[in-house]
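*Asks:* test case, fold it:
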Amino acid sequence: MPQLTPMDEHFVHQIPEPLPNVATPHEHWRESLFFVLHRGDRPGDVIILTLAHYPARQVMDSLQLGRVGGAPVMAHHSRPYDGDPHTMKVGPVGVEVVEPFRTLRLRVEDTPQAAVGLDLTFSARTRPHALRRGTMKAGQDVVWDQSHMVQSGTYDGTFTHQGVVHEVRGWLGQRDHSWGIRDHARCPFWIWLAVQLPEGMIAVWHWELPNGAHVYTDGCFAPRGDADPVPVVGFRHDLHWTDEAGNETGYGRDGDSVAGLAGRVELVLDGGRRIAVDAEGRWAQRYGPLGGGMSEMAVTTSDGSAGTAVYEVTGAHHHRYFPVARGTDLPPGG
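*Replies:* Numbering: from 1, shown residues only. As a prediction, the model looks like this:
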């Protein structure tokens, strides 16, 4: 017998099944919220919060990640659906959509189970931008099939770490909302950029096969305010891993010598505008066996702007960034 939830009373269904059934049942199908915040004027602390649910496993979870006072922070929270797959709350973590695409509240109770206590409000500073649906297969297996939304905002409030309350006023960052299938361990390579500039946000999501063949590129320049985002139509990357001294280093298998990231990316916007971004930074979050991670970056652009960013470079195998394969059954062949 199908199981109904309170959300089944609403006009939200997309397939002829009760929620939270999905069109393509898969163990790696998930719907996920992602928030990252950091200072806009210089590198410093980085706070990352996720919230996701997984219909196949019927669980909701949250990750707390980032770096505070130069040290990494991490915690994982999980709960079974238990008849409620929709309430955005897991253990000490809660997310409230106050006004869609405008205002969200992030709360993490300051408990021993929490890596960082949060009392933050996200306020949009750009319009949201919906990325095109992206797909990738390994043979006949679906490895990635997702839709994705990105938006820049300011964060205000406080975070608490080891009993010390830190004030957050006008910190910048990005939020994502994605849904679909993503088997991270079998994804060969992607770059995700969230660049925060005084005049707006640059967002890019770019996927490649192990040999460097391009699979997918999308993103935008979203001007500050209510103007429409301008899509990214071209993208090139020339990044390299750096060690503790800031020197270029190889990733090898597990990135043991890697402390950060540096280099240039170039993008072309719809209409022909070209922007080059030079950046240098250090880990905000390592991904361990998944490879790579997120780095907080100081950035300058070819048109004279400066800001801060988070660059995510991750994957199981790429001829340049991850030369030693860590995964099996990877695209394209499976």
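
*Asks:* ok, then the element right after the longest strand seen in the chain?
*Replies:* Ordering each strand of the chain by length in residues (DSSP state E) puts strand 141-161 first. Next along the chain after strand 141-161, taking DSSP states H and E as the criterion, comes strand 164-182.

*Asks:* pLDDT (mean, whole number) over the helix or strand just after that next one?
*Replies:* Toward the C-terminus, strand 164-182 is succeeded by strand 190-197 as the next helix or strand (DSSP H and E). Averaged over strand 190-197, pLDDT sits at 98.

*Asks:* run the chain-centre distance for strand 190-197.
*Replies:* Here strand 190-197 is found 9 Å from its chain centre; the criterion is C-alpha atoms, centre = their mean, to the nearest Å.

*Asks:* quick check: angle from it to strand 141-161?
*Replies:* 40 degrees (axes from the mean of the first three to the mean of the last three C-alpha atoms, to 10 degrees).

*Asks:* report all helices and strands that strand 190-197 contacts.
*Replies:* Secondary-structure packing of strand 190-197 (3 or more C-beta pairs under 8 Å, 6 or more residues apart in numbering; DSSP states H and E): strand 141-161, strand 164-182, strand 200-208, strand 292-301, strand 306-314. The way it works is simple: take the backbone N, C-alpha and C, and place the C-beta from them, glycine included.

*Asks:* can you tell me the strand partners of it and which way each runs?
*Replies:* strand 200-208 (antiparallel), strand 306-314 (antiparallel) (DSSP bridges).

*Asks:* ok, back up a step: a markdown table for the helices and strands packed on strand 190-197, including mean pLDDT, distance to His13 and mean neighbour count?
*Replies:* Output for the helices and strands packed on strand 190-197, formatted as a markdown table (pLDDT from 0 to 100; distance: least, C-beta to C-beta, whole Å; neighbours: other C-beta atoms under 10 Å):
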| stretch | mean pLDDT | distance to His13 | mean neighbour count |
| --- | --- | --- | --- |
| strand 141-161 | 97 | 17 | 20 |
| strand 164-182 | 98 | 14 | 18 |
| strand 200-208 | 98 | 28 | 24 |
| strand 292-301 | 98 | 35 | 22 |
| strand 306-314 | 98 | 33 | 22 |
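
*Asks:* relative to Thr5, which of these is closest?
*Replies:* Nearest to Thr5 among these is strand 164-182; the distance by C-beta to C-beta comes to 16.9 Å.

*Asks:* so who does Trp192 touch?
*Replies:* 204-206, 311-312 (C-beta atoms under 8 Å, 6 or more residues apart in numbering).

*Asks:* kindly recompute the last result at 10 Å.
*Replies:* With contact taken as C-beta atoms under 10 Å, 6 or more residues apart in numbering, Trp192 is in contact with 34, 148, 150, 174, 176, 203-207, 219, 294, 310-314.

*Asks:* same check, this time on Trp29
*Replies:* 20, 22-23, 53-57, 142, 145-146, 179-183.

*Asks:* any idea how far Asp256 is from Pro198?
*Replies:* Separation of Asp256 from Pro198 (C-beta to C-beta, to the nearest Å) stands at 37 Å.

*Asks:* go on, Gly272?
*Replies:* In terms of C-beta to C-beta, Gly272 sits 23 Å off from Pro198.

*Asks:* and the helices in this protein, which stretches?
*Replies:* Using DSSP state H, the helices of the chain do not appear at all; there are none.

*Asks:* so His13 is in contact with Met7, correct?
*Replies:* Yes - counting by C-beta atoms under 10 Å, His13 does reach Met7; the two are 9.2 Å apart.

*Asks:* those two: who's more crowded?
*Replies:* Met7 (15 against 12; other C-beta atoms under 10 Å).

*Asks:* next, the contact list for that one, please.
*Replies:* 13, 18-20, 84-87.

*Asks:* quick check: closest non-adjacent residue to Ser257.
*Replies:* Thr249 (4.7 Å; C-beta to C-beta, 6 or more residues apart in numbering).

*Asks:* let's see the pLDDT reported for Pro112.
*Replies:* Looking at Pro112, its pLDDT is 95.

*Asks:* ugh, wrong one, Gly334
*Replies:* pLDDT, Gly334: 68.

*Asks:* with Leu330 instead?
*Replies:* Reading off the model, Leu330 has pLDDT 96.

*Asks:* beta partners for the spatially most central residue of the chain?
*Replies:* Central residue of the chain (C-alpha atoms, centre = their mean): Phe34, 5.7 Å from the mean position. With DSSP bridges as the criterion, Phe34 is bridged to Thr50, Asp176.

*Asks:* touching, it and Thr50? I think so.
*Replies:* Yes - judged on C-beta under 10 Å, Phe34 makes contact with Thr50 at a distance of 5.2 Å.
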